[in-house]
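1. the amino acid sequence is not available; the structure is as follows:
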C-alpha cells in the first residue's frame, strides 16, 4: 500500500496514511526491459511492491493521478559519494569533520539524491564507513534516504588516489594499513577485503590508477600490481563482492580489466586494446561524464583546486565524454554513474543529457540507470516496473525519449511503496 509522506525541515517522516489497496494512474510507462514507452497503465502498490500492472481502470480504488506524466522505474546511480561535495574548502574539511559530521552530511545529500529521483545508489568510497551506517539506518526506517549499496572505504596503495594521508604533514600522517584501506602486497589485499566484509560493505572499490582530486601529482599512473589485483579479486569472489575500479590511465585500467573487475569508473584513457579487453570480459564502463565536465570548468577558476590538482582537472576532465562516445560506439557495456559529490548532489540527471549528446539513444541511457544498473547490483527486484518488483517509481511530465532533460525535473518519487515527493 502507498504511504503518503510529508517532508519537513528535518526530512523526517511526519505523517503517513494508507488504504487497503492503492493505485497509480500513469499516462505512460517506460518499459526498461524493452526500452519502449508503453501507453496508459494502472499500477497497484501493496506492501512496498508492485502487485498489479494493468491497462484496465480498477473499480472503487484510490488513485494517485499521474495521468499527465510518464512513469519510470526508480533511477539508479552507481557512483555517488554521499559524505561530501567538492569545493575549495573540502581539502580543509577533512581536518575538522569527524564521523558524526559526515554521517549528517551524508543523510542530507542522500535526501537530495532521492528527491532527484534516484531511489538507489552505489557509494564507491567514503570515510569512517558512514554510508554503511546510513544504509543500515535507511533500511531500518530510522532516517529517510535512497537505498544504498556501499563499498565503505576505497582501497588504495601507499600514496594512491584513496590514501587518506596524501598531502598531510609527517607528524599527522601516520602509516595507514589494510584496516584503513591502504595495501602494498597480495596479503594486504586479502586482509583489506576481509576487513570490509567484517565491516559490512556491499562491494569493493579500488583505485587502480591515480585520480584527479587527490593530493598527488599523477592522475594516470597504475597503482596496483597484477599480483595484488589477482589476490584482491580472488578473495572478493569468495565473499561474493563485485569489484569496481576507479581508473583513468590505460595500464592500470587494463590490469584491472584482465584481473576481473566488474566495472571501470571514468575510463578516461582507454584505447582499442582496453575496449577489446572489456568487451571480451563483459566489463562495464561507468562513465561519470558529469564529474569530468564539472572539474574541467572549476579548473578555470583560480583557487578552486589546490595547485597539484588543478592541472589534472584541466587535462583529464574534458576527455571523459569523448571516451564514453568511443566506448559506446565500440560496443562496451555501459552503466549509469555520475560521481556526484565531485559535482553537486541532486544534479545527477545531467548525466543523461551528456550521454545522449555523446550518441547514446535516450532509451538506452535510461536503461543504463534502471535495468542495467540493477543487474550490476544483482537485484532483480529493481530497475523494472513489473509485478512482483519493489515499488520504486518516479514520474516526469513529458516524454523523456523525446527530451531527456525532462529527467532533470522529477515530479513524483516513490520508494518501497512510499510517496516521498509529489
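-> Happy to help now that I have it. These numbers come from a predicted model, not from an experiment.
2. can I assume residue 120 sits in a helix?
-> No - secondary structure of residue 120, determined by DSSP: H, G, I helix; E, B strand; the rest coil: strand, with no helix assignment.
3. that one contacts residue 147, doesn't it?
-> Yes - with the criterion set as C-beta atoms under 8 Å, residue 120 and residue 147 qualify as a contacting pair; they are 4.3 Å apart. All C-beta spots, glycine's among them, are computed from the backbone N, C-alpha and C.
4. who's more crowded, these two?
-> For residue 120 and residue 147, the more surrounded residue by other C-beta atoms under 10 Å is residue 120, and the numbers stand at 27 against 23.
5. ok, now how distant is the more buried one from residue 42?
-> Relative to residue 42, residue 120 is positioned 24 Å away (criterion: C-beta to C-beta, to the nearest Å).
6. re the thing from before, which residues are common contacts for residue 120 and residue 147?
-> Overlap between the contact sets of residue 120 and residue 147, as judged by C-beta atoms under 8 Å, 6 or more residues apart in numbering, is given by 382, 392.
7. strands along the stretch 101-250 of the chain, start to end?
-> 118-123, 147-150, 156-157, 182-183, 204-207, 243-247 (DSSP state E, counting those that start in this stretch).
8. those: which one's closest to residue 31?
-> For residue 31, the closest of the strands of the stretch 101-250 of the chain is strand 118-123, at 17.8 Å, according to C-beta to C-beta.
9. quick one: mean pLDDT for the closest one?
-> In this model, strand 118-123 has an average pLDDT of 98.
10. that one to strand 243-247, inter-axis angle?
-> Between strand 118-123 and strand 243-247, the angle comes out at 80 degrees (axes from the mean of the first three to the mean of the last three C-alpha atoms, to 10 degrees).
11. Provide the strand pairings for strand 118-123, with the direction of each partner.
-> Here strand 118-123 is paired, per DSSP bridges, with strand 75-77 (parallel), strand 147-150 (parallel).
12. go through the ones you listed and pick out the most buried.
-> For these, the stretch with the most neighbours on average is strand 75-77, a mean of 28; neighbours defined as mean count of other C-beta atoms under 10 Å.
13. follow-up on the earlier one: out of the strands paired with strand 118-123, the one nearest residue 23 is which?
-> When the strands paired with strand 118-123 are ranked by distance to residue 23, counting by C-beta to C-beta, first place goes to strand 75-77 at 22.0 Å.
14. got any ranges where the stretch 251-400 of the chain has weak pLDDT?
-> Flagging of the stretch 251-400 of the chain using pLDDT under 70 yields an empty set of residue ranges.
15. show me where it has its strands.
-> Counting by DSSP E, counting those that start in this stretch, the segments of the stretch 251-400 of the chain that form strands are 263-266, 284-286, 333-334, 393-397.
16. which strands and helices sit next to the third one?
-> When you say that, I think you mean strand 333-334. Contacts defined by 3 or more C-beta pairs under 8 Å, 6 or more residues apart in numbering; DSSP states H and E place strand 333-334 against strand 284-286, helix 320-330.
17. what does it contact?
-> Residues external to strand 333-334 that are found in contact with it (C-beta under 8 Å, 6+ apart): 278-279, 282-285, 287, 324, 327-328, 355, 360, 364, 368, 372.
18. would you point out the most distant pair within the residues you listed?
-> Set against one another by C-beta to C-beta, the contacts of strand 333-334 have their most distant pair in 282 and 355, with a gap of 20.0 Å.
19. the two: which is more packed in?
-> Ranked by neighbour count (other C-beta under 10 Å), residue 282 and residue 355 place residue 355 first, with 27 against 9.
20. that one contacts residue 324, correct?
-> Yes - distance between residue 355 and residue 324: 6.9 Å, which falls inside the contact criterion (C-beta under 8 Å).
21. residues near the closest residue to residue 372 other than its chain neighbours, how many?
-> Excluding its sequence neighbours, the residue lying closest to residue 372 (C-beta to C-beta, 6 or more residues apart in numbering) is residue 335, at 5.2 Å. Burial measure for residue 335: 25 neighbouring residues, criterion other C-beta under 10 Å.
22. can you pull the contacts of residue 335?
-> 78, 263, 284, 285, 286, 368, 369, 372, 373, 376 are the contacts of residue 335 under C-beta under 8 Å, 6+ apart.
23. who wins on neighbours among these?
-> Among the contacts of residue 335, where neighbours are counted by other C-beta under 10 Å, the top count belongs to residue 369, at 31 neighbours.
24. once you drop chain neighbours, what's closest to that residue?
-> Here the nearest residue to residue 369 in space, its sequence neighbours aside, is residue 336; by C-beta to C-beta, 6+ apart that works out to 3.6 Å.
25. how close does the one you found sit to residue 302?
-> Applying C-beta to C-beta, one obtains 33 Å for the distance of residue 336 from residue 302.
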